[in-house]
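**Student:** 3D, please:
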Amino acid sequence: MSGAISFASPSMRASGSDLTVSISPLGLVELADEEFEVHGPRLNRYSQNFAYYLGHHWGYRREAGEAQITFNYVKAFADYINNFTFGRGVHFKSVKQYEHIIPGLLKRAWEVDNRKEQLLWEMGQQGGVSGDCFVKVAYEPGFEDSTGQPHPGRVRILPLNSSFCFPEWHPHDRERLIRFKLKYRFWATGEDGTRSVYTYVEVLTDDTIEEYLNDELIDSRPNPMGVIPVVHIANSQVSGSPWGLSDIADIISLNREYNEKATDISDIINYHAAPVTIITGAKASNLEKGPRKVWGGLPKDAQVFNLENGVDLSGPLQYLEMIKRSMHEITGVPETALGQMQPASNTSGVALAIMYRPMMSRYDQKKMQYSAGLQKINELVLKTLFTFEPETRLYDPSTEGIMKGDQPPIVDVLDPMAYFTECEWPAPLPVDTLIKLNEIQAKMSMGLESMRGALHDLGEEFPDEKVREIFEEQIEDAKQQGALRMLKAQIDSAILQLTGMPPDGADAPAPQTDADGNPVGPQPGGPNPVTLPGGINLGEITAPEIQKMTNEIVTQAYGPRAGLRRDPDNSTD
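**Tutor:** Next up, the predicted model:
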């Protein structure tokens, strides 16, 4: 059960004016006094942030029929920032000494054993909403399912629910994790068939792994990794604190105010959409209200009129616009980023970067935080592979890595550089490919850029492999061109042998004579043996192949032709 993680969505509830989100669908897990003192404020912050992210903005419900408007800008801003940061993915680069082995292992762990795009989105969502992202690395042994299908072992990269995580850092070193507790509740079916609630706890240290079920120890074993396989990433670092800040913390109050004022405006509109009819000097019981009704016989001094809307809504609407603009300014998300109509233009990349400068500042800050976390995750991934699959240390040509002469055929697990990786983030803003290609072409023509560097600038994750692919394709093209020239020479020779006419642009072969000048052998105008380029005699070529080629040429030249009539089909206009 060490790898069992509950990804169930937390349930939400509104209690008075204070919104809380339960840690699990069953409510808050029981916390000791020390745990509540240390982690209580953090868990309350998580619950409020996720409640607003999931659209639970109200602490009460209005009567049926009354509008309760919710504009969930919190989710819109959080998702946009997440997509802006992780939408184009992340590439990993290792040191040159091991670049023929390590990149292939990381690609397998992220893209084969797991879904890289989904992992990055979950990590960004958890960090952007709660402020903290916890990722666990575990190994799932291979197994054979009930149908006999084998499943190889794989490395699991598991983004955890931050509310389930209770880390303990060294008192004098916030980067050193000395103990980690994973705690959550789940439903399970007992031996008697009844559904019961269980509390699962996993305690990880550098030396041991302990698992508890309802406070009862069910498993205790040594930690084969020797390190705690959990990485914590602070979304936005706070000096002096191990916890991070979310991307939406500052706009929750603004979003709540926006919804309340929008609901007030809706009430005003609804009130005057069905106006109140005021009657003076007459009895309403004798008057029938409705469309196309005519009232007559009213007293002379009677007055009947509707209560008109005398409220000027321009002020409240301007107030709403100010609140929304403030949310954009605080988060750095441009006002045109959420679907607002804007004229099409060919804005340059520099101008676009200036326009998105606030968003780029937030992007740079998040990139710095998550790059450090991803490097630690990659280190744990490699240690997991080297521990449970030692054969992965050896160079494997099937991974398409190119091994050079000075590179070792095996990874030294004691070498710290074997675990070092760099994160390369593609540009989040759109780039004009044609302008980029012209720039690269100019650099290469001046000798300022190499082919590998050009491929790297174009976003190629493995430039060495791409260069080899291009080289192999050029070799294949050369072989095909050579084969085409050889076939053409055979065809020309067959024509010359059949008709005695040399191909276009070629001189007729000189007649062969003996010492006295008498013709010897076949002469022009009849079948002649032909020598192909390179001194190869046509007669030396396999006779069946020549006969087959001759038959095909004769059929193409003089054989019957198929009818030109074609039946109409669905693709014919």
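**Student:** List the contacts of residue 74.
**Tutor:** 52, 53, 248, 251, 252, 255 (C-beta atoms under 8 Å, 6 or more residues apart in numbering). From N, CA and C alone the C-beta is placed, and that goes for glycine too.
**Student:** List just the nearest of the residues you listed to residue 197.
**Tutor:** Using C-beta to C-beta, residue 53 comes nearest to residue 197 of the contacts of residue 74, at 26.0 Å.
**Student:** one step back: for ChimeraX, write a command that selects the buried ones of the contacts of residue 74.
**Tutor:** Here is the ChimeraX command that selects the buried residues among the contacts of residue 74 (16 or more other C-beta atoms under 10 Å):
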select :52,53,248,251,252,255
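**Student:** Including pLDDT, distance to residue 439 and secondary structure, could the contacts of residue 74 go into JSON lines?
**Tutor:** Listed next are the contacts of residue 74 as JSON lines, based on pLDDT from 0 to 100; distance: C-beta to C-beta, whole Å; DSSP: H, G, I helix; E, B strand; the rest coil:
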{"residue": "52", "pLDDT": "94", "distance to residue 439": "44", "secondary structure": "helix"}
{"residue": "53", "pLDDT": "95", "distance to residue 439": "41", "secondary structure": "helix"}
{"residue": "248", "pLDDT": "95", "distance to residue 439": "38", "secondary structure": "coil"}
{"residue": "251", "pLDDT": "95", "distance to residue 439": "39", "secondary structure": "helix"}
{"residue": "252", "pLDDT": "95", "distance to residue 439": "44", "secondary structure": "helix"}
{"residue": "255", "pLDDT": "96", "distance to residue 439": "43", "secondary structure": "helix"}
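**Student:** right, and out of the contacts of residue 74, which lies closest to residue 332?
**Tutor:** residue 251 (11.0 Å).
**Student:** Look up how far residue 475 lies from that closest one.
**Tutor:** 58 Å (C-beta to C-beta, to the nearest Å).
**Student:** try residue 463
**Tutor:** 19 Å.
**Student:** More neighbours: which of these two?
**Tutor:** Legend: neighbour count by other C-beta atoms under 10 Å for residue 463 and residue 475, higher for residue 463 (17 against 10).
**Student:** pretty sure the more buried one contacts residue 455?
**Tutor:** Yes: using C-beta atoms under 8 Å, residue 463 is in contact with residue 455, at 4.0 Å.
**Student:** Residue ranges in the stretch 251-400 of the chain under the pLDDT threshold?
**Tutor:** Confidence mapping of the stretch 251-400 of the chain against pLDDT under 70 gives the ranges 273-275, 284-292, 307-311, 340-350, 400.
**Student:** May I ask you to name the longest strand in this protein?
**Tutor:** Ordering each strand of the chain by length in residues (DSSP state E) puts strand 173-189 first.
**Student:** Would you mind pulling up the elements that it packs against?
**Tutor:** strand 165-170, strand 195-204, strand 230-234 (3 or more C-beta pairs under 8 Å, 6 or more residues apart in numbering; DSSP states H and E).
**Student:** Try it again at 6 Å.
**Tutor:** Strand 173-189 is packed against strand 165-170, strand 195-204, with contacts defined by 3 or more C-beta pairs under 6 Å, 6 or more residues apart in numbering; DSSP states H and E.
**Student:** Tell me the buried residues in that strand?
**Tutor:** Applying a neighbour-count criterion of 16+ other C-beta under 10 Å, one finds 177, 180, 181, 182, 183, 184, 185, 186 buried in strand 173-189.
**Student:** neighbouring contacts of it?
**Tutor:** Residues outside strand 173-189 that contact it (C-beta atoms under 6 Å, 6 or more residues apart in numbering) are 6, 24, 26, 29, 164, 166-170, 195, 197-199, 201-205, 228, 230, 242.
**Student:** then it to CSV, C-alphas only?
**Tutor:** Output of strand 173-189 as CSV, limited to C-alpha atoms (Å, rounded to 0.1, in the frame of the first residue of the first chain):
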residue,chain,number,x,y,z
ASP,A,173,17.9,23.5,7.4
ARG,A,174,14.6,24.0,5.6
GLU,A,175,15.9,22.1,2.6
ARG,A,176,16.5,18.9,4.5
LEU,A,177,13.4,16.7,5.0
ILE,A,178,13.9,14.4,7.9
ARG,A,179,10.4,12.9,8.2
PHE,A,180,7.3,12.8,6.0
LYS,A,181,3.8,11.7,6.9
LEU,A,182,1.1,10.9,4.3
LYS,A,183,-2.3,10.8,6.0
TYR,A,184,-5.8,10.4,4.5
ARG,A,185,-9.1,8.6,4.8
PHE,A,186,-10.7,6.2,2.4
TRP,A,187,-13.6,3.8,2.0
ALA,A,188,-13.0,0.0,1.9
THR,A,189,-15.0,-3.2,2.0
